[in-house]
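> From the sequence below, what's the structure:
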Amino acid sequence: MPYRTHAGSDRFLSVLVFLYVCSALLFSETPVFSRSSIVLCGIMIVYLLACSRQRGGLPLSRWMLLPYLFFLYALASVLWATDIQSALLYLISLFSSITGALVVWIALMSGASWQAVLGSCFWSGLVIMLSTIPEMSQATEGEMRLAGILENPNGMAIQLTAAAFLLLTAECRKKVYMGAATVFVLFATLFSGSMKMIIFWGVFLLYLAVKLHVWARVSYLRYTWLTVVYLLLLLLPIAIGSFMTEQLESLTVTQRFADFLAGENTSSATRFSMAEEALSLWSMHPLIGNGIDQVRVLGSFGTYSHNNFTELLANFGLWGTILYYVLYFVLIAGCLRGSLHNQRKLLVLVITANSLLWDIGLVSYAEKSTWLLLVASFYLLHQSATVQPAKNPVLLGNQSMARGEVHDPATASRHRFT
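Numbering: from 1, shown residues only. Below is the predicted model of the structure:
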């Protein structure tokens, strides 16, 4: 369904944000179309600079220094890289991802609607799923690994899950977006065969348990209902255990995970070898690393290590790895400050935890979707700190008007996250 901007939002800026997020989610693996995000980012920068005077400047924030500190370190690492051309090409990709995400933050704080982000996630998820239809007729039972427009089953799972996470923040059209988020993660689980979805479900079920616990604390009646639900869940495997086991064993993701536990998954064995080789490269220069994208150059596999931690250590050393992950530590600290009863803080904590766990099996530090999720998390954390929901917004508005207070959305958007 099409998105609509809220009253007071900048419609043109919202459209640009919508198109940028769509481009980042859909065309990350398509070299020609992926450049569309760079063009859209450039248009947003020009438009924001043109409007900055009448809006009182750009809504910058102190946390935005952290991504560029990491970028400057990556830039410096080109000096000691073995293959300078490879390092520069990857550096451009990293700069594009960081800048695009931060421009989206500035756009959101300058009047772009959050509904534009939700709408782009909704439509991008639908396109990704529909693009897998031609593969379904060729896939065999027990080896259902679809990729679609992203040309990679793991990529399909990652982008659909990222879209689902952001859809969970919806306040308007909540049922539609929640339903879409559920469909996205179920589709990714059933048809990508990615073991990352097992990590997602573990984190997400813990998130649901915390939400139910917070909900049940209000009254003894709710605690009773929650206890009944838990008992039913415990009894469910006894009642239909054999049927559940049979259905789970037929899933590609379950079969691959069982092979992994048995040591028979050749893909996992290769990835372990890649991570081990990256660690051996790190030992050569433990503090400063070998330079950006040098695992691909110096390693025997000729590609990245499929582990963000070992990749960062080998490329940037201990200092660069700390510079990158300090962003996640700031997010976690912001979430833990105050009460986790705030649903947005709790969701940001879940997104952050899931991202950190997924980094064990992928290299994400230069991906556009990674930086978009980081920026979206900071934006949601900012919103949870500055927006206090009112029990009776109409009455509150009348009281504010009676006191002569004027609520200007453009002014409100310039609050800074500290």
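
> so what pLDDT did residue 15 get?
Turning to residue 15, the model gives it a pLDDT of 95.

> what's the answer for residue 162, then?
For residue 162, pLDDT reads 94.

> which regions of the stretch 201-350 of the chain lie under the pLDDT threshold?
In the predicted model of the stretch 201-350 of the chain, residues 218, 236-250, 338-340 satisfy pLDDT under 70.

> ok, and for stretch 280-293, which residues are buried?
Using 16 or more other CB atoms under 10 Å as the test for burial, stretch 280-293 gives 281-282, 285, 288-293. All C-beta spots, glycine's among them, are computed from the backbone N, C-alpha and C.

> what does stretch 254-274 give?
For stretch 254-274, burial by neighbour count (16+ other CB under 10 Å) applies to 254-257, 265, 268, 271, 274.

> And the helix or strand residue 379 falls within, how far out from the chain middle?
Under the criterion of DSSP states H and E, residue 379 resides in helix 368-386. Distance of helix 368-386 from the chain centroid (CA atoms, centre = their mean, to the nearest Å) equals 9 Å.

> Okay, the residue most central in space within the chain and residue 351: tell me how far apart.
Centroid check for the chain by CA atoms, centre = their mean gives residue 373 as the closest residue, at 3.4 Å. Separation of residue 373 from residue 351 (CB to CB, to the nearest Å) stands at 6 Å.

> where do the contact lists of the two overlap?
residue 165 (CB atoms under 8 Å, 6 or more residues apart in numbering).

> Count the residues that sit near residue 220.
Counted with other CB atoms under 10 Å, residues neighbouring residue 220 total 9.

> Dump the buried residues of stretch 254-274 to CSV, plus distance to residue 235 and secondary structure.
Below are the buried residues of stretch 254-274 laid out as CSV (distance: CB to CB, whole Å; DSSP: H, G, I helix; E, B strand; the rest coil):
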residue, distance to residue 235, secondary structure
254, 22, helix
255, 27, helix
256, 29, helix
257, 25, helix
265, 33, coil
268, 34, helix
271, 38, helix
274, 44, helix
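
> Can I get these in JSON lines including distance to residue 21?
Listed next are the buried residues of stretch 254-274 as JSON lines, based on distance: CB to CB, whole Å:
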{"residue": "254", "distance to residue 21": "32"}
{"residue": "255", "distance to residue 21": "34"}
{"residue": "256", "distance to residue 21": "30"}
{"residue": "257", "distance to residue 21": "31"}
{"residue": "265", "distance to residue 21": "34"}
{"residue": "268", "distance to residue 21": "32"}
{"residue": "271", "distance to residue 21": "29"}
{"residue": "274", "distance to residue 21": "31"}
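
> Max pairwise distance over those: which two?
254 and 274 (24.3 Å; CB to CB).

> Pull the CA coordinates from the helix holding residue 379 and hand them back as CSV.
Provided in CSV are the C-alpha atoms of helix 368-386 (Å, rounded to 0.1, in the frame of the first residue of the first chain):
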residue,chain,number,x,y,z
LYS,A,368,24.3,0.0,2.8
SER,A,369,21.6,-2.0,4.7
THR,A,370,24.0,-2.2,7.7
TRP,A,371,24.4,1.5,7.9
LEU,A,372,20.7,2.1,7.3
LEU,A,373,19.8,-0.1,10.2
LEU,A,374,22.4,1.7,12.4
VAL,A,375,21.1,5.1,11.5
ALA,A,376,17.5,4.0,11.9
SER,A,377,18.4,2.6,15.3
PHE,A,378,19.9,6.0,16.3
TYR,A,379,16.8,7.8,15.0
LEU,A,380,14.4,5.5,16.9
LEU,A,381,16.5,6.0,20.1
HIS,A,382,16.4,9.8,19.5
GLN,A,383,12.6,9.6,19.1
SER,A,384,12.1,7.5,22.2
ALA,A,385,14.1,10.1,24.2
THR,A,386,12.4,13.2,22.8
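
> Give me the mean pLDDT for that helix.
89.

> May I see the buried residues of it?
For helix 368-386, by 16+ other CB under 10 Å, it's 368-385.
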